[in-house]
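Student: Sequence and predicted structure, then a few things I'm wondering about:
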Amino acid sequence: AQKITQTQPGMFVQEKEAVTLDCTYDTSDQSYGLFWYKQPSSGEMIFLIYQGSYDEQNATEGRYSLNFQKARKSANLVISASQLGDSAMYFCAMSHLDMDSNYQLIWGAGTKLIIKP
Amino acid sequence: SAVISQKPSRDICQRGTSLTIQCQVDSQVTMMFWYRQQPGQSLTLIATANQGSEATYESGFVIDKFPISRPNLTFSTLTVSNMSPEDSSIYLCSVEREGAYNNEQFFGPGTRLTVL
């Protein structure tokens, strides 16, 4: 069965430090995608970064990078030079082709990140 | 990226009543998704709504409780029927970016529902 595991329910990080949010996954799909979303206290879900299972290079988007280790089935999010505005819930998700041939996202439990000034 | 709006943004409802949530997209999309996020929890997919066909519900969700309409390619509604306090959640609609190779989903701002 497809599953996303985020083992860090909460993290405190000093402003300007780098932070790594863990995500491991389990899937029987040959092709899949891994996503990270940010959810501030306002409730909106903001797409951050994507990594395809066949992508050989780690994805990067500004201060966000995805440390993809396929053999270990991990897709950790790295935020460099953290800012106060990075305080939010962070969700890891994985695309999965369901029985109706529709893609759906499988979600992790999330990590609450708090940046300390 | 798609721009998605939801109405209402929040509501406080009485037990036993129903609430219809609207989701409007600024471009035509094939697939729309409805999620529920209970307090402090992750997202749970309620159903997938494709235009011109009945919504496909996930395990644990039924059409009588969460009827969905999808009259065209830019609009959908989710009704939470006969509400109880356990239905207090954020309800989010999302769409899959057309032509995207990565199945990225864009989300609306969400509807915060409190049931008394």
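Tutor: Looks like it came in fine.
Student: drop to CA atoms for contacts and neighbour counts, all remaining ones
Tutor: Fine.
Student: how about stretch B:85-92 as PDB, C-alpha atoms only?
Tutor: Once non-C-alpha atoms are left out, stretch B:85-92 reads as follows in PDB (Å, rounded to 0.1, in the frame of the first residue of the first chain):
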ATOM      1  CA  PRO B  85     -19.600  18.600  15.400                       C
ATOM      2  CA  GLU B  86     -17.400  15.900  14.000                       C
ATOM      3  CA  ASP B  87     -17.700  17.600  10.600                       C
ATOM      4  CA  SER B  88     -15.900  20.600  11.900                       C
ATOM      5  CA  SER B  89     -12.900  20.800   9.500                       C
ATOM      6  CA  ILE B  90     -11.300  22.800   6.800                       C
ATOM      7  CA  TYR B  91     -12.700  21.700   3.400                       C
ATOM      8  CA  LEU B  92     -10.400  22.300   0.500                       C
END
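Student: And that stretch, what's buried?
Tutor: Of the residues in stretch B:85-92, those scored as buried under the neighbour-count criterion (16 or more other C-alpha atoms under 10 Å in any protein chain shown) are B:87, B:88, B:89, B:90, B:91, B:92.
Student: Kindly report the same for stretch A:89-106.
Tutor: Within stretch A:89-106, the residues that qualify as buried by neighbour count (16+ other C-alpha under 10 Å) are A:89, A:90, A:91, A:92, A:93, A:94, A:95, A:96, A:103, A:104, A:105, A:106.
Student: For residue A:54, grab the count of nearby residues.
Tutor: Using other C-alpha atoms under 10 Å in any protein chain shown, the number of residues around residue A:54 comes to 11.
Student: Identify the residues contacting it.
Tutor: Contacts were defined as C-alpha atoms under 8 Å, 6 or more residues apart in numbering or on different chains; by that measure residue A:54 touches residue A:31.
Student: Now it, what are its backbone angles?
Tutor: Here is the backbone geometry of residue A:54 (degrees, to the nearest 10): phi -100, psi 0.
Student: Distance check, it against residue A:70.
Tutor: When distances are taken as C-alpha to C-alpha, to the nearest Å, residue A:54 and residue A:70 turn out to be 9 Å apart.
Student: I'd like the distance from the lowest-mean-pLDDT helix or strand in chain B to the chain centre, please.
Tutor: Lowest by mean pLDDT, DSSP states H and E among the helices and strands of chain B is strand B:105-107, with a mean of 89. Its chain's C-alpha centre lies 12 Å from the corresponding centre of strand B:105-107 when counted by C-alpha atoms, centre = their mean, to the nearest Å.
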